[in-house]
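Participant: Based on what follows, work out the 3D shape:
(chains A and B)
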Number of protein chains: 2
Amino acid sequence: MSNIRIAIAGYGNLGKGVELAIRQNPDTELVSVFTRRDPASVQLLTDHVPVYRLEDAEKHQNEIDVLIICGGSATDLPTQTPALAKYFNVIDSFDTHARIPEHFANVDKAAKENHHLAMISLGWDPGLFSLNRVYAESILPNGKTYTFWGKGVSQGHSDAIRRVEGVKKGIQYTCPIPSAIEAVRSGSQPELSTREKHERVCYIVAEEGADKAKIESEIKNMKNYFDEYNTTVNFISEEEFNANHTTLPHGGFVIRSGKTGADAATNQTIEYSLKLESNPEFTASVLIAYARALTRLKAEGAEGCKTAFDIAPGYLSPLSPEELRAKML
Amino acid sequence: MSNIRIAIAGYGNLGKGVELAIRQNPDTELVSVFTRRDPASVQLLTDHVPVYRLEDAEKHQNEIDVLIICGGSATDLPTQTPALAKYFNVIDSFDTHARIPEHFANVDKAAKENHHLAMISLGWDPGLFSLNRVYAESILPNGKTYTFWGKGVSQGHSDAIRRVEGVKKGIQYTCPIPSAIEAVRSGSQPELSTREKHERVCYIVAEEGADKAKIESEIKNMKNYFDEYNTTVNFISEEEFNANHTTLPHGGFVIRSGKTGADAATNQTIEYSLKLESNPEFTASVLIAYARALTRLKAEGAEGCKTAFDIAPGYLSPLSPEELRAKML
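Facilitator: Below is the predicted model:
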């Protein structure tokens, strides 16, 4: 069988992660990259792969099996994914939970009208965490599900602190509170407030002469971002920042605490967790596994938009159904 | 929509678990139980549900949407599941890993010839653990997967120690070794021997006057069961045994330790774990979720045999695809 021909739209952290993930999957191949920048300014890690203008993507539709769209959820993906689903089978990692139904409808329409297959909102949350919520709640209907995020870098919160006056560099880590996780694991099904589940830890390089007390206060009281959390603000040197705070770790926990039995008194706990040294490299690895699933489902005649809920796990594996049953069951 | 009409074949611990799980799922209904015992001797927890002889099952085929077969994997399921797949859509929890391909072929043939749908080897291992191995290895192809079981009761090992002369009552717990789990979580991808991964802990009530040293030695040196493990044998009173050792807890961990990135130097860890106070009640809860999936797939025209790898997660949930996208993604 020939390789799955993959193209990337948008060459940022996630796009680079996709490029790297393709190298770990010998049944996949990177055929091109599309960018809104000047293609000549984009230096890939891989030799001999062409970089094209995103606006010219349509011309390359016959060269590509799956286009992985690596734009941002706020403004890029809501327009890019439906537009590109006209010409390609597409995958995205759209993660604005509240807008997923609307995004699904737009992508589904564009894909169906053009006999393409699209998969949206893949990655780990939404994605693997969502899957685990569905499996766990379907199996233990009597119970409570808890999601904890971190320890990891929240890019939205990091952007927010960098907008504060006097901040030269800044990064924000979302940290689950260990005692809250232990309470959940105990089976007691606690009610936990926002503040009791996570805390926020910031590392800031201040501009010379900046008012640190003012920066700290402004961050801690920032509405929607920090005011509902206990937040720690650490001021550090630029050297320390560059040495220790330039990667994008993340992760988290999905825990279902359920009860079974005649008196619903038997505790049953399902826990799924991720500890990721690189969020974009891991998310990209998820997208590549689903690109494999996409090509198989497309070959079976599937069209329209799908999410992780619609895709049987065996489709993600390079192994055949027979191999999976013999080796993995 | 009318309820999913479920029948149980074999009313032991797992069968009772299925009966209890049905009560937690309002879209399901227990319609009958089949037994090899005298039906008059079987007392269900549920009123007004008939108990029939297993050999009469065929007569009731029009009353049942899904038959959940709760026999043992060693001798019952290899014959029961193919035989009953002639008359019913069936689900089993066949767990002899090495014989799954053969069992699959037998069940697939019987089901296809009679236009039925069968799902085999469901539960948590095989089942949820298998799923997690496939998802994790598909996403992180460069890595190592570790499965730890316990702390939990191994029924096979408990049966084995009860066969030792002088043992009145006995139970065996399989215990993962915490330092091994920590080594795996660290990302170091250790090579672990059988002895380094698990230890075995037995609680024994000895017959009066029995030679305890001889019992202990016989257990510790038992081939295939104990000789490759560090085993602790505790002699306790019958009172203590009855107070503390009559439930069937279990659980375990599936951990994928993978590497991504340009130099494959980025550690990425996926961990799935279960902590179950009742193994049979939990396994039964898994079977009921798949009974729901079965009825939906059957309504779409599916036939033959399937495993957890073939079933998209959304089919397990009582929620519609629209609800799942809006609430769970």
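
Participant: tell me the contacts of A:Gln155?
Facilitator: Going by C-beta atoms under 8 Å, 6 or more residues apart in numbering or on different chains, A:Gln155 touches A:Leu248. Quick note: C-beta positions are derived from backbone N, CA and C, even for glycine.

Participant: Which residue ranges of chain A form strands?
Facilitator: Residue ranges of the strands in chain A, as given by DSSP state E, are A:4-9, A:28-35, A:51-53, A:66-69, A:90-92, A:117-119, A:143-149, A:152-153, A:167-176, A:198-206, A:230-235, A:250-260, A:266-276, A:304-306.

Participant: other SSEs contacting the first one?
Facilitator: Same thing as strand A:4-9. helix A:13-23, strand A:28-35, strand A:66-69, helix A:279-299 (3 or more C-beta pairs under 8 Å, 6 or more residues apart in numbering or on different chains; DSSP states H and E).

Participant: need the contact list for the residue most central in space within chain A.
Facilitator: In chain A, the centroid-proximal residue (C-alpha atoms, centre = their mean) is A:Gly123; its distance is 3.9 Å. By C-beta under 8 Å, 6+ apart, A:Gly123 lies in contact with A:93, A:95, A:283, A:286-287.

Participant: what do you get if the cut-off is 10 Å, keeping everything else the same?
Facilitator: A:14, A:91-95, A:129-130, A:279-280, A:282-287, A:290, A:308 (C-beta atoms under 10 Å, 6 or more residues apart in numbering or on different chains).

Participant: about what we covered before: now the strands of chain A as a markdown table including mean pLDDT and mean neighbour count?
Facilitator: Rendered in a markdown table, the data for those read as follows (pLDDT from 0 to 100; neighbours: other C-beta atoms under 10 Å in any protein chain shown):
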| stretch | mean pLDDT | mean neighbour count |
| --- | --- | --- |
| strand A:4-9 | 98 | 24 |
| strand A:28-35 | 98 | 21 |
| strand A:51-53 | 98 | 16 |
| strand A:66-69 | 98 | 29 |
| strand A:90-92 | 98 | 30 |
| strand A:117-119 | 98 | 27 |
| strand A:143-149 | 98 | 19 |
| strand A:152-153 | 96 | 20 |
| strand A:167-176 | 97 | 20 |
| strand A:198-206 | 98 | 21 |
| strand A:230-235 | 98 | 16 |
| strand A:250-260 | 98 | 23 |
| strand A:266-276 | 98 | 23 |
| strand A:304-306 | 98 | 24 |
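
Participant: just so I know, which of these lies nearest B:Val31?
Facilitator: Closest of these to B:Val31 is strand A:250-260, at 20.9 Å (criterion: C-beta to C-beta).

Participant: who does that closest one pair up with?
Facilitator: Paired strands of strand A:250-260, with direction, are strand A:143-149 (antiparallel), strand A:266-276 (antiparallel) (DSSP bridges).

Participant: so can I have CSV of the strands of chain A showing distance to B:Thr247?
Facilitator: Shown next, in CSV, are the strands of chain A (distance: least, C-beta to C-beta, whole Å):
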stretch, distance to B:Thr247
strand A:4-9, 49
strand A:28-35, 48
strand A:51-53, 62
strand A:66-69, 48
strand A:90-92, 45
strand A:117-119, 43
strand A:143-149, 19
strand A:152-153, 38
strand A:167-176, 31
strand A:198-206, 35
strand A:230-235, 40
strand A:250-260, 12
strand A:266-276, 8
strand A:304-306, 41
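
Participant: and of these, who's closest to A:Phe104?
Facilitator: Of those, nearest to A:Phe104 by C-beta to C-beta is strand A:304-306, at 5.5 Å.
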